[in-house]
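J.: Give me coordinates for this.
(3 chains)
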Amino acid sequence: MALSPEESGRLADLLDEHADGLVARWAELVGAGLQGRMSRPELERQTRDLQKGFQQAFANGARDLSDEEATELRAQLGELSSNRARQGFSANETAISMFAFKDAVLGVLGDTSDVQTLRDFVSFSTFVDRAALFTFDSYVRVREALIADQAEQLLELSTPVVKLWEGVVAVPLVGTLDSARAQVVMERLLQTLVDTGSPYAIIDITGVPAVDTQVAQHILKTVVAARLMGADCIISGIRPQIAQTIVALGIEFGDIATKSSLADALRYVLGKKSYRVVTAKRTEH
Amino acid sequence: MSEESRQIPVTTDQDVVRVRQLVRTVAVDAKLSLVDQTKLVTAASELARNTLVYGGGGTVEVSRVRNEIRAGIRIVFADQGPGIADLDLALTDGYTTGGGLGLGLSGARRLVDDFTIDTAPGEGTTISITKWCR
Amino acid sequence: MERVPVLKIGDILLVSIQIDMEDQVALQLQEDLAEKIVATGCHGVIIDISALDIVDSFVGRTLATIASVSRVLDAETVVVGMRPAVAITLVELGLSLPGIRTALNVELGIEMLARSRAESAPDEDEDEDDPAAVPAP
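T.: Prediction:
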């Protein structure tokens, strides 16, 4: 239920009158909940800003959190929850620290037997509940964005393309390859071939626990695409179980070169480049 | 549900190029990935050429669409040509009546997410393809 | 109608396709190249498609025809610079461009032509060695 204009006016006065006391009490309550994970001065600064934000919103005549008069306050709440989310506080803690404002206000309310005072407090309480829900919402949104970012970073991290030799690049694949990741890896590999002008690529799947039809198809398509671009792919590190799966699934690797280890693959490529690996004669010194 | 759409006639070689450029622009606006852009433009090129060569010319309409979960691009190729008598055969890799490679229809179908074709002998052909943003 | 220029560099004809070709332009290029091969006596053709953002079946077929015609005229064709997105799309389309030799860039293409000329083996579409090859002692 929205506040009446008189209610928000009285609340604005109340918050203004007891500003210092409220900030101190609120900061104390929140501080107890956060158990020293945030410094006292920082907490007080935050609390003071928020207290001011609420006071301003009421003074401007905000009757509901979604009102235009409360735009500033919403921005503040949004920023608070995004900071808390990044600092690793839980959504609960973030919301509870809003509820603590109610306790602080209750302490300065004066004569609670007065009906009007009680009504004011109930309306105020509803308003704070909204604010807490709002922080919860923003918190979740920020966390989701964080998770999406991390997933992307993980994808970047988990798919390095390394140069093994002049004109030879390798992609050591580690971990489960789903279709999306296989696609990213393959696009990256092909782009690297262009960027480095490498006519040979070794796809090492030693670290891949399992291969399904889709992933195998992705690898195959990449090899064919690389050929169209003028580069040769060698697949190395096929484990016995994966070889079994490939045959069981009826996937044709055709004339694609496969080697059991990365070392074999490199030796094979060097051979194609007409290099020969020999042991150098030791010279006495 | 279409948000905006543009239609261009296809009666000459140049129009096929125009279709490619329009589809590219729309695909970039819709933030399709580079590979998806390339696939969609290639499919459009194949089908616009079919409209011209087999349908004797027609129209191509490119529109942004949106369903419950995703945004995408829909392209409709329409002609009043002779139509396709044996659809299954026309959709087979390597089958051609026009001296091409026989990959236009079947290949274009593999490049997009949705592919519907409406044709009958003497009734012309309408093909609709859709690519969804990931 | 626009025309794709054909440049002669030493023993090689270099074609760099920089425009979105109409089908007619592609066919014209096919003719121009055949005539230029005969007129210059060049033994190698390099077609740079790094500026092409798509290759559809028509362009693919034209490239294949150019390669075949050149071979008849005793010139080897290498298509260079295909973009990754184009290659991925061609695979999906089902176009494998048989009979066309490819290299990552113009430089590797030139090396490839030089080597295949040096070998001048009768079956040139067999497995190729690497352009940057260093002969074993």
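J.: so what's residue 11 up against?
T.: Looking at chain A here, since you left the chain open. Listed by Cβ atoms under 8 Å, 6 or more residues apart in numbering or on different chains, the contact partners of residue A:11 are A:3, A:58, A:120, A:123, A:124. Every residue, glycine included, has its C-beta placed from N, CA and C.
J.: The intended chain is chain B.
T.: Here residue B:11 is in contact with B:52, B:57 (Cβ under 8 Å, 6+ apart).
J.: any idea how far chain C is from it?
T.: 13 Å (Cβ to the nearest Cβ, to the nearest Å).
J.: which stretches of chain B form helices?
T.: Taking DSSP state H as the test, the helices found in chain B are B:13-29, B:34-53, B:87-90, B:104-111.
J.: So for residue A:259, which of the ones you listed sits nearest?
T.: Residue A:259 sits nearest to helix B:34-53 of all the helices of chain B, at 28.4 Å, using Cβ to Cβ.
J.: So which elements touch that closest one?
T.: strand B:4-10, helix B:13-29, strand B:58-66, strand B:71-79, helix B:104-111, strand B:125-132, helix C:57-72, helix C:84-93 (3 or more Cβ pairs under 8 Å, 6 or more residues apart in numbering or on different chains; DSSP states H and E).
J.: quick one: buried residues of the longest one?
T.: Residues of helix B:13-29 classed as buried under the neighbour-count rule (16 or more other Cβ atoms under 10 Å in any protein chain shown) are B:13, B:15, B:16, B:17, B:18, B:19, B:20, B:22, B:23, B:24, B:26, B:27.
J.: The last one now?
T.: For helix C:84-93, the neighbour count (16+ other Cβ under 10 Å) marks C:84, C:85, C:86, C:87, C:88, C:89, C:90, C:91, C:92, C:93 as buried.
J.: Work out the sheet partners of the next helix or strand after it and label each with its direction, please.
T.: Moving toward the C-terminus from helix C:84-93, the next helix or strand (DSSP states H and E) is strand C:101-103. Partners of strand C:101-103 in the sheet, by DSSP bridges, are strand C:76-80 (parallel).
J.: The strand it pairs with vs helix C:57-72, what angle?
T.: If you take axes from the mean of the first three to the mean of the last three Cα atoms, to 10 degrees, strand C:76-80 sits at 150 degrees to helix C:57-72.
J.: Not counting strand C:76-80 itself, show me its contacts.
T.: A:230, C:43-50, C:63, C:66-67, C:70-71, C:97, C:100-106, C:108-109, C:112-113, C:116-117, C:124.
J.: What average pLDDT does that strand get?
T.: Mean pLDDT, strand C:76-80: 96.
J.: ok so, going back, out of the helices and strands packed on helix B:34-53, nearest to residue A:87?
T.: Of all the helices and strands packed on helix B:34-53, strand B:71-79 sits nearest to residue A:87, with 34.5 Å by Cβ to Cβ.
J.: That closest one - contacts with which helices or strands?
T.: Helices and strands touching strand B:71-79, by 3+ Cβ pairs under 8 Å, 6+ apart, are helix B:13-29, helix B:34-53, strand B:58-66, strand B:125-132.
J.: List the neighbouring strands of it plus their orientation.
T.: Paired strands of strand B:71-79, with direction, are strand B:58-66 (antiparallel), strand B:125-132 (antiparallel) (DSSP bridges).
J.: With respect to burial, which of those strands scores highest?
T.: strand B:125-132 (a mean of 21; mean count of other Cβ atoms under 10 Å in any protein chain shown).
J.: Mind exporting the C-alpha coordinates of that one to CSV?
T.: What follows is strand B:125-132 as a C-alpha-only set of coordinates in CSV (Å, rounded to 0.1, in the frame of the first residue of the first chain):
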residue,chain,number,x,y,z
THR,B,125,7.4,-21.3,-54.9
THR,B,126,7.6,-19.6,-51.6
ILE,B,127,10.5,-20.4,-49.3
SER,B,128,10.8,-19.0,-45.8
ILE,B,129,14.0,-19.2,-43.7
THR,B,130,14.7,-18.1,-40.2
LYS,B,131,17.9,-17.7,-38.2
TRP,B,132,17.7,-17.1,-34.5
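J.: just the angle between that strand and helix B:34-53, please?
T.: Going by the same axes, to 10 degrees, strand B:125-132 makes 170 degrees with helix B:34-53.
J.: need the strands paired with strand B:71-79 in JSON lines with mean pLDDT, can you?
T.: JSON lines is the format used below for the strands paired with strand B:71-79 (pLDDT from 0 to 100):
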{"stretch": "strand B:58-66", "mean pLDDT": "94"}
{"stretch": "strand B:125-132", "mean pLDDT": "95"}
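J.: Out of those, which gets nearest to residue B:33?
T.: strand B:125-132 (10.3 Å).
J.: Could you list the residues in contact with that closest one?
T.: Residues outside strand B:125-132 that contact it (Cβ under 8 Å, 6+ apart): B:27, B:32, B:36, B:39-40, B:43-44, B:47, B:50-51, B:54-55, B:65, B:67, B:70-79, B:81, B:83-84, B:105, B:108-109, B:112-119.
J.: which among the residues you listed end up buried?
T.: Using 16+ other Cβ under 10 Å as the burial test, these include B:27, B:32, B:36, B:39-40, B:43-44, B:47, B:50-51, B:54-55, B:65, B:72-79, B:81, B:83-84, B:105, B:108-109, B:112, B:115, B:117, B:119 as buried.
J.: so where's chain C shaky on pLDDT?
T.: C:121-137 (pLDDT under 70).
J.: Flag every residue of it that's near chain B.
T.: Counting by Cβ under 8 Å from any Cβ of the partner chain, the residues of chain C lying close to chain B are C:20-24, C:53-58, C:60-61, C:83-86, C:88-89, C:92-95.
J.: re earlier: among the helices and strands packed on helix B:34-53, which is nearest residue A:161?
T.: helix C:84-93 (12.4 Å).
J.: Residues in contact with that closest one: which ones?
T.: So helix C:84-93 is contacted by A:186-187, A:190-191, A:193-194, A:221, A:224-226, A:228-229, B:34-35, B:37-39, B:42, B:46, B:103, B:107-108, B:110-111, C:49, C:52-57, C:60, C:96-97 (Cβ under 8 Å, 6+ apart).
J.: Counting neighbours, which of the residues you listed end up buried?
T.: Looks like the contacts of helix C:84-93 have A:186-187, A:190, A:193-194, A:221, A:224-226, A:228-229, B:34-35, B:37-39, B:42, B:46, B:103, B:107-108, B:110-111, C:49, C:52-57, C:60, C:97 buried, using 16+ other Cβ under 10 Å.
J.: What about residue A:255, how many residues nearby?
T.: Other residues lying near residue A:255 total 7 when counted by other Cβ atoms under 10 Å in any protein chain shown.
J.: re the thing from before, turn the buried residues of helix C:84-93 into TSV, including distance to residue A:138.
T.: Shown next, in TSV, are the buried residues of helix C:84-93 (distance: Cβ to Cβ, whole Å):
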residue	distance to residue A:138
C:84	39
C:85	38
C:86	43
C:87	44
C:88	39
C:89	41
C:90	46
C:91	44
C:92	42
C:93	46
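J.: what's the spacing between the nearest residue to residue A:64 once chain neighbours are set aside and chain B?
T.: Nearest non-adjacent residue to residue A:64, counting by Cβ to Cβ, 6 or more residues apart in numbering or on different chains: residue A:2, 4.5 Å away. Per Cβ to the nearest Cβ, residue A:2 is found 33 Å from chain B.
J.: Kindly report the same for residue C:6.
T.: With Cβ to the nearest Cβ as the criterion, residue C:6 and chain B are 21 Å apart.
J.: Now the phi/psi pair for that residue, please.
T.: Dihedral angles phi and psi of residue C:6 (degrees, to the nearest 10) take the values phi -110, psi 120.
J.: wait, what's in contact with it?
T.: By Cβ under 8 Å, 6+ apart, the residues touching residue C:6 are C:13, C:14, C:15, C:29, C:32, C:33, C:36.
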